[in-house]
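In: next input, structure requested:
(one chain, ligands or ions: 1)
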Amino acid sequence: MESLQACQAWQVLAEKREAIAAQSLNALFAADPQRFEHYSVEAAGMLLDFSKQPVDSILMADLVALAEARELPRHRDAMFAGQRVNETEGRAALHTALRAAVQVTLPEVKDARARMATLAKEIRSGAYTSITGEPIKDVINIGIGGSDLGPRLAVDALAPLADGPRIHFVANIDGVEMSRTLAQCDPRSTLVLVASKSFGTSETLANAHEAMAWLRRDLADDAAIARQVIGITADPAHVRSLGLDPASALPLWDWVGGRYSLWSAVGFSVMLAIGPEAFEELLAGASAMDTHFCEAPLARNMPVIQGLLAVLHGSLLGRRSQVVVPYTERLRYLPAYLQQLVMESNGKSVDRAGQAVTVPTAAAIWGQTGTPGQHAFFQALHQGTEVMPVDFIGVAAPVAGERGEPLELAANLFAQSQALMQGNRADSDRPALHCPGNRPSNTLLLHRLDPTTLGALIALYEHRTFVEAVIWGVNPFDQYGVELGKRLARDLRPLLSGGDPSTELDASTAGLVRQFLAWRHG
Ligand SMILES: O=P(O)(O)OC[C@H]1O[C@](O)(CO)[C@@H](O)[C@@H]1O
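Out: Okay, the predicted model is just below:
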């Protein structure tokens with residue numbers, strides 16, 4: 001495989017690095033009165049305005065040439081066709097099949113969706129009761145990473161449409177999240193979902209044991225566990241480790257990556273909150289974005305444009321932060337979700353051929369909702385020494401029955417991207433007041449934040465992440481770095497309860513353990 005730096009299309013861009021960095025956004029607008037029309041795209045209920053990016057028709061052509069040189073269409077089609085694109089783990093990455101129309105998807109996906117829908121209807125209607133015969137009022141989803149972040153984001157974002165049981169999420173192993181959650185629930189009307197693709201993640205299993213002990217304390221009955229705890233996993237035999245029946249587990253498959261699993265049974269908590277029909281709308285929205293990604297020309301293709309711009313900033317111009325600012329509290333979990341999606345997928349330094357990647361890969365992605373973010377980190381965006389590209393996300397219309405966001409919110413959203421771009425005039429007497437401007441951003445305007453558009457938004461970022469991976473030549477579907485930390489934690493654990501370390505410790509770790517034990521028991 002050719003390295004990115006050896007790629008001629010990349011070299012063309014590299015030669016223009018200084019000119020692109022210096023490109024005046026104000027000048028681009030002055031030169032083209034139709035710039036907004038030329039550099040915005042609409043698809044799946046969203047409008048992407050990328051006119052505040054340093055692109056013109058020549059740079060767009062260069063970026064598209066790069067996508068073609070890296071064979072993006074071929075890689076995309078291979079993923080959709082179920083080829084083993086996750087080469088290191090020898091698997092397909094077929095999350096798109098989970099949201100394909102029921103008529104065309106895989107039989108096992110169809111069966112699982114039907115099973116989920118039947119069970120969700122029973123739980124939501126009260127036909128499926130707890131062991132004491134009470135309807136389910138609370139659901140606790142225990143999972144971490146991809147088995148937590150996607151459902152947490154979707155349940156929160158779609159809260160105005162929720163008409164099912166209350167949904168709680170527990171991911172952290174520190175006990176705080178669990179005790180806060182249990183304090184709000186009654187074991188006689190609570191259902192526990194243990195969501196873990198591998199069913200081997202220690203945090204999830206420890207939290208599951210704690211929740212099951214809580215159920216047992218009050219219900220003193222193993223039948224309660226069978227009825228009120230449901231495993232969600234790609235390895236159903238493993239649910240026996242919690243004393244559960246594999247036949248009752250909701251399935252996913254090894255070809256669904258953890259951080260791409262919202263669309264599978266991992267999203268069962270979302271289905272319980274909003275109902276199977278609305279969950280189908282979430283899938284349909286993601287599927288609409290899949291179609292756009294497969295069919296739109298590269299220069300008018302939202303995930304392609306976003307991915308190429310991310311590579312331009314992060315790898316060519318050395319801009320190592322990607323900021324995401326949703327202007328709605330309902331997307332408050334989006335930055336955390338994207339951190340896993342982007343950084344676990346593309347935080348890689350070796351390409352698919354095993355060679356070192358010679359440009360920086362995934363930038364740090366972070367953010368917070370506007371307007372609170374404006375009063376936290378925006379000062380650095382406006383006047384800091386580093387240019388940090390921003391994705392602004394806004395919502396235009398309310399979902400039925402909602403009041404809609406105050407207009408001040410949209411005024412703030414538009415003002416911020418405008419201020420970042422325009423800056424203000426330099427005043428030689430008072431340089432501290434000077435905002436340099438020329439700071440790039442995308443604005444994604446959502447028609448409304450309903451299940452369909454949320455599905456499309458999440459799928460957009462999934463594909464954007466894939467586009468970046470293809471340009472860099474990395475596999476976005478493995479995460480061996482995370483596995484290393486997990487293994488070391490397993491090795492260290494016995495030492496903290498007085499056992500011998502299974503490996504020799506470095507001086508820093510040994511010193512920290514010594515101090516920890518002294519304070520813990522002192
Ligand atoms: O669903 P599981 O198998 O418990 O894994 C949880 C998470 O752990 C990871 O492997 C690493 O954080 C993620 O990719 C995954 O989403």
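In: number of nearby residues for the nearest residue to residue 26 once chain neighbours are set aside?
Out: If you skip the residues right next to it in sequence, residue 26 has residue 422 as its closest partner in space, 6.4 Å away by Cβ to Cβ, 6 or more residues apart in numbering. The way it works is simple: take the backbone N, C-alpha and C, and place the C-beta from them, glycine included. Residue 422 is flanked by 16 other residues according to other Cβ atoms under 10 Å.
In: contact partners for the closest residue to the ligand within the stretch 201-350 of the chain?
Out: For the stretch 201-350 of the chain, the residue closest to the ligand is residue 258, as judged by Cβ to the nearest ligand atom, at 2.6 Å. Going by Cβ atoms under 8 Å, 6 or more residues apart in numbering, residue 258 touches 145-147, 197.
In: so which of the residues you listed are in helices?
Out: Using DSSP state H, no member of those falls in helices.
In: how far away is the residue of the stretch 351-500 of the chain found nearest the ligand from residue 258?
Out: Residue nearest to the ligand within the stretch 351-500 of the chain: residue 482 (3.9 Å; Cβ to the nearest ligand atom). Distance, residue 482 to residue 258, by Cβ to Cβ, to the nearest Å: 10 Å.
In: please enumerate the shared neighbours of the two.
Out: With Cβ under 8 Å, 6+ apart, residue 482 and residue 258 have common neighbours residue 145.
In: how many residues are close by the nearest residue to residue 344 once chain neighbours are set aside?
Out: Excluding its sequence neighbours, the residue lying closest to residue 344 (Cβ to Cβ, 6+ apart) is residue 479, at 5.1 Å. Neighbours of residue 479 under the rule other Cβ under 10 Å: 22.
In: what of residue 475?
Out: The burial count for residue 475: 21, using other Cβ under 10 Å.
In: go on, residue 68?
Out: Look at residue 68: counted by other Cβ under 10 Å, it has 13 neighbours.
In: need the contact list for it.
Out: 9, 298.
In: before we move on, the earlier item: can you narrow the contacts of residue 258 to ones near the ligand?
Out: For the ligand, the contacts drawn from the contacts of residue 258 by Cβ under 6 Å from any ligand atom are 145-147, 197.
In: who wins for most neighbours among those residues?
Out: Neighbour max across these (other Cβ under 10 Å) = residue 147, 30 neighbours.
In: so what pLDDT did it get?
Out: Note on residue 147: pLDDT of 98.
In: please identify the helix or strand for the residue sitting furthest away from the middle of the chain.
Out: Residue farthest from the centre of the chain, counting by Cα atoms, centre = their mean, is residue 429 at 45.6 Å. Counting by DSSP states H and E, no helix or strand carries residue 429.
In: same check on residue 323?
Out: Element membership for residue 323 (DSSP H and E) is strand 321-326.
In: ok now that strand, how far from the chain's centre?
Out: Here strand 321-326 shows a centroid-to-chain-centroid distance of 13 Å under the convention Cα atoms, centre = their mean, to the nearest Å.
In: that one - what's its average pLDDT?
Out: 98.
In: what's the answer for stretch 499-517, then?
Out: 85.
In: please compute how far that stretch lies from its chain's middle.
Out: The answer for stretch 499-517 is 35 Å, by Cα atoms, centre = their mean.
In: and for stretch 368-378?
Out: Counting by Cα atoms, centre = their mean, stretch 368-378 comes out at 20 Å from the chain centroid.
In: and for stretch 98-114?
Out: The answer for stretch 98-114 is 23 Å, by Cα atoms, centre = their mean.
In: mind checking the end-to-end distance for it?
Out: End-to-end distance for stretch 98-114: 12 Å, by Cα to Cα, to the nearest Å.
In: same check on stretch 181-195?
Out: End-to-end distance (Cα to Cα), stretch 181-195: 17 Å.
In: does any bit of it sit next to the ligand?
Out: No - against the ligand, stretch 181-195 shows no contacts by Cβ under 6 Å from any ligand atom, the least distance being 6.6 Å.
In: and the contacts of stretch 487-507?
Out: Taking Cβ under 8 Å, 6+ apart as the rule, stretch 487-507 contacts 202, 509, 513, 516-517.
In: list the contacts of the residue lying closest to residue 157 once chain neighbours are set aside.
Out: Among residues not flanking residue 157 along the chain, residue 330 sits closest, at 4.7 Å (Cβ to Cβ, 6+ apart). Listed by Cβ under 8 Å, 6+ apart, the contact set of residue 330 reads 156-160, 395, 449.
In: just for the chain, where's the confidence low?
Out: By pLDDT under 70, the low-scoring segments of the chain are 501-503.
In: tally of neighbours for residue 115?
Out: 14.
In: got it, and residue 488?
Out: When neighbours are counted by other Cβ under 10 Å, residue 488 comes out with 12.
In: show the subsequent helix or strand relative to the helix or strand hosting it.
Out: Assigned by DSSP H and E, residue 488 falls within helix 480-496. Going down the chain from helix 480-496, the next helix or strand is helix 507-521, by DSSP H and E.
In: quick one: that following helix to helix 480-496, angle?
Out: 50 degrees (axes from the mean of the first three to the mean of the last three Cα atoms, to 10 degrees).
In: buried set for helix 507-521?
Out: By neighbour count with 16 or more other Cβ atoms under 10 Å, helix 507-521 contains no buried residues.
In: go on, stretch 389-403?
Out: When burial is assessed from 16+ other Cβ under 10 Å, stretch 389-403 yields the following buried residues: 389-395, 399.
In: now intersect these with the helices, please.
Out: Going by DSSP H, the helices hold none of the buried residues of stretch 389-403.
In: which of these fall within strands?
Out: 390-395 (DSSP state E).
In: hmm, back to that, I figured the residue nearest to residue 344 hits residue 341, correct?
Out: No - when contacts are counted by Cβ atoms under 8 Å, residue 479 is not listed as touching residue 341 (11.5 Å).
In: show me what from the protein comes close to the ligand.
Out: 144-147, 196-198, 201, 204, 258-259, 344, 479, 482.
In: mind doing that once more with 5 Å?
Out: Residues of the chain lying close to the ligand (Cβ under 5 Å from any ligand atom) are 145-147, 196-198, 201, 258, 479, 482.
In: picking that back up, nearest to residue 228 among the buried residues of stretch 389-403?
Out: residue 399 (31.7 Å; Cβ to Cβ).
In: still on that earlier bit, from what I can see the residue of the stretch 351-500 of the chain closest to the ligand touches residue 344, true?
Out: Yes - between residue 482 and residue 344 there is a contact at 6.7 Å, judged by Cβ under 8 Å.
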